[in-house]
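Asks: Predicted model and sequence follow; I will ask about them next.
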Amino acid sequence: MSDLAKPLALVTGVGPGTGAAIVRRFARAGYRTAMIARDADRLAALEQEIPDSRAFVCDVTDTAALADTVAAAGPARVVVHNAVGGAFGTFADIAPEVLQRNFDINTMALYHLARLTTPAMIAAGAGAIIVTGNTSAQRGKAAFAGFAPTKAAQRILAESLARDLGPKGIHVAYLVIDAAIDVPWQRAFQPGKPDDFFISPQSIADEIHHLAHQPKDAWSFLAELRPFHEIW
């Protein structure tokens with residue numbers, strides 16, 4: 001039985017790496033968590049592992065399903081948009097429908113999440129929306145044509161949300177992750193790298209929790225994380 005007295009953190013894109021770490025971090029801090037992703041088996045395993053977590057199988061690009069999910073989860077104190085759609089290739093390589101889907105996941109889903117969740121936050125006079133991004137939100141390289149435009153639009157949308165919602169007591173922050181995240185596919189992709197080459201999902205989750213709990217007189221909008229060795 002979930003403890004409804006606890007605040008709710010709603011997290012999209014709950015995979016085995018960053019998403020799961022975010023859910024575990026907020027659970028340790030005393031939150032109930034609503035986990036949104038498409039993989040039912042993975043969510044079911046996490047639901048068994050993490051106290052007061054609840055799994056919602058949902059594709060964030062399905063607007064009606066997302067609305068039903070948010071309504072079923074209940075009013076959230078914190079929303080973390082971690083779902084991501086990406087593809088690598090030049091503009092000539094990337095099919096239009098691929099770019100459109102990535103835009104729907106990264107940007108339009110944030111737009112819909114904000115419209116669905118902020119009325120309750122505004123009524124409460126408090127809340128936080130944290131968006132996970134990366135350096136593609138700040139620059140476009142040739143092979144990132146299927147990804148960078150959608151993350152840049154996401155960052156700008158988040159900034160618009162922050163300026164609108166900040167005076168209403170809602171903190172919106174955008175976290176740029178300039179690093180290779182320590183997940184199995186990254187280890188396989190870069191097998192010769194030392195452990196400290198990677199950023200741990202736990203470190204990312206800790207920063208997201210920190211951003212969501214900054215005092216109101218010292219809110220960040222744009223935060224960046226990178227390992228000590230990163231050249232930037």
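Replies: That came through fine.
Asks: OK, contacts around K216?
Replies: Contact partners of K216, counting by CB atoms under 8 Å, 6 or more residues apart in numbering, are G169, H171. In short, each C-beta sits where N, CA and C put it, glycine included.
Asks: Got phi/psi on it?
Replies: Note on K216: its backbone torsions stand at phi -70, psi -20 [degrees, to the nearest 10].
Asks: For stretch 102-115, buried residues please.
Replies: Using 16 or more other CB atoms under 10 Å as the burial criterion, the residues of stretch 102-115 that qualify are 102-114.
Asks: So for it, mean pLDDT?
Replies: Mean pLDDT, computed over stretch 102-115, is 98.
Asks: hmm, who's touching it?
Replies: By CB under 8 Å, 6+ apart, the list of residues contacting stretch 102-115 reads 10, 12, 60-61, 63, 66-67, 70, 79, 81, 83-87, 129, 131, 146-147, 149-151, 153-154, 157-158, 161, 165.
Asks: what about 6 Å?
Replies: With contacts defined as CB atoms under 6 Å, 6 or more residues apart in numbering, stretch 102-115 is touched by 60-61, 63, 66, 79, 81, 83, 85, 150-151, 153-154, 157, 161.
Asks: Same question for stretch 80-96.
Replies: 11-13, 19, 22, 60, 98, 101-102, 105-106, 110, 113, 130-132, 142-143, 145-147, 208.
Asks: distance of the residue lying closest to N82 once chain neighbours are set aside from F197?
Replies: Among residues not flanking N82 along the chain, G13 sits closest, at 3.8 Å (CB to CB, 6 or more residues apart in numbering). G13 sits 23 Å away from F197, going by CB to CB, to the nearest Å.
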